[in-house]
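In: How does the following fold in three dimensions:
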Amino acid sequence: MKKLVLGVFMLSVMSTFAQKKHKNGKIYDQHPGIEIVNEFTKAFVAGDEEKLKSLVTEDFKWWQMNSMDPKPLKLKGLVSRSNYLSKNVIGLQIKDRGSAYSDAMEYGKDNLNVYTYQILKGFDKNTGFKFEIPRNSIFFFSKDGKKISGLSVADSQLKWRKSYEAWDTRKNGKIYKDHPMISKARLLYAYLETGDMAAMKDLYAENARISDIMNSEKDSSKSVEEEMESLKEFFKIYEIVNVSESGYPDLLEYEGSKTKTIISWWNVTVKNKKSNAVKEAVHHSQIVVNKKGKIINEQYYFNASQLPK
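Out: Numbering: from 1, shown residues only. Down below sits the predicted model:
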């Protein structure tokens with residue numbers, strides 16, 4: 001039995017090594033075709049119609065591989081797209097992505113394709129939308145290898161769609177200037193003024209996270225207990241003299257969300273207990289409240305340099 005198994009194994013190995021290799025072309029990282037593609041990209045970004053026309057064949061076609069429309073763009077469509085993007089995208093760039101570079105592949109006798117791995121960047125000057133779209137492209141060449149006869153592009157249609165949607169007016173919920181839950185923001189600053197930290201602590205859910213955006217590391221946050229300890233240290237040095245609303249709080253009720261977000265602005269007058277210096281500081285607060293009316297997240301902004309010395 002062992003001999004039979006060994007024999008089958010040897011036959012399999014011999015069969016594998018006996019398979020022939022057949023070269024179907026060559027691949028280059030430097031090639032005249034790559035230079036033509038680079039010229040094409042430069043002209044496309046610049047909106048240079050005459051240069052584009054000189055680099056492509058009259059029957060040029062552009063296929064958008066992940067588009068729902070199977071019809072290719074023709075020369076007129078290429079020129080139109082280049083013209084629009086060059087005039088409406090600030091800082092338009094199409095460059096190699098990361099450490100990627102173009103490949104030129106020669107197949108058989110008269111077939112040349114150039115493969116690029118790029119990223120399109122810029123800002124829509126009409127909407128401010130930021131483009132950062134990876135794209136993989138195949139450039140097909142005429143038989144003499146001197147002109148581009150076709151282009152196949154695969155990129156994120158979802159990102160293009162997002163940029164088009166930026167032109168529309170779309171609702172994402174409701175905004176209120178009067179709402180029972182706004183009381184949570186007002187009480188938070190009322191207890192700050194009176195120094196009632198127990199009452200302040202009771203406004204929060206147990207697992208709430210609190211972020212001092214201006215005066216802490218990015219993405220860092222504190223627990224309720226940690227925030228209360230920070231306030232204890234604050235009150236050793238400072239006294240809150242007065243708190244007043246700046247304008248009025250807004251409550252945002254986002255579509256599909258079970259929470260409510262309250263944004264508010266405050267003028268906070270602070271006294272340094274040692275020097276008796278008094279200064280007014282501007283605070284901005286954003287709290288998220290759950291169904292039970294407990295604060296589950298808070299982000300506040302104030303400039304610590306505004307505190308009295």
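
In: Break the protein down into its structural domains.
Out: Here the domain assignment for the chain is 24-165, 173-306, based on automatic domain parsing.

In: okay, those in TSV with mean neighbour count and mean pLDDT next?
Out: C-betas here are computed from N, CA, C, even on glycine. Below are the domains of the chain laid out as TSV (neighbours: other Cβ atoms under 10 Å; pLDDT from 0 to 100):
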stretch	mean neighbour count	mean pLDDT
domain 24-165	16	93
domain 173-306	15	94
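
In: hey, where'd the helices end up in the stretch 201-309 of the chain?
Out: Ranges of helices within the stretch 201-309 of the chain are 224-237, based on DSSP state H, counting those that start in this stretch.

In: Leu231 reaches Ala198, doesn't it?
Out: No. Look at Leu231 against Ala198 with Cβ atoms under 8 Å: they stay out of range, at 11.5 Å.

In: In which helix or strand does the residue nearest to Lys147 when sequence neighbours are not counted reside?
Out: Excluding its sequence neighbours, the residue lying closest to Lys147 (Cβ to Cβ, 6 or more residues apart in numbering) is Thr57, at 5.0 Å. If you go by DSSP states H and E, Thr57 is part of strand 56-64.

In: Could you list every helix and strand in contact with that strand?
Out: Other helices and strands packing on strand 56-64, by 3 or more Cβ pairs under 8 Å, 6 or more residues apart in numbering; DSSP states H and E, are helix 75-88, strand 148-155.

In: ok, Val37 to Lys273 distance?
Out: As judged by Cβ to Cβ, to the nearest Å, Val37 and Lys273 stand 70 Å apart.

In: Correction: the previous question concerned Ala304.
Out: 17 Å.

In: same question, Ile119
Out: Ile119 is 55 Å from Lys273, by Cβ to Cβ.

In: Kindly report the same for Val224.
Out: 25 Å.

In: got the contact list for the helix or strand harbouring Arg186?
Out: Assigned by DSSP H and E, Arg186 belongs to helix 183-194. For helix 183-194, the surrounding residues in contact (Cβ atoms under 8 Å, 6 or more residues apart in numbering) are 197, 199-200, 203, 240, 242-243, 245, 249, 262, 264, 266, 268, 283, 285, 287, 289, 293, 295, 298.

In: Give me the angle between the strand holding Thr57 and helix 75-88.
Out: 70 degrees (axes from the mean of the first three to the mean of the last three Cα atoms, to 10 degrees).

In: Thanks a lot, catch you later.
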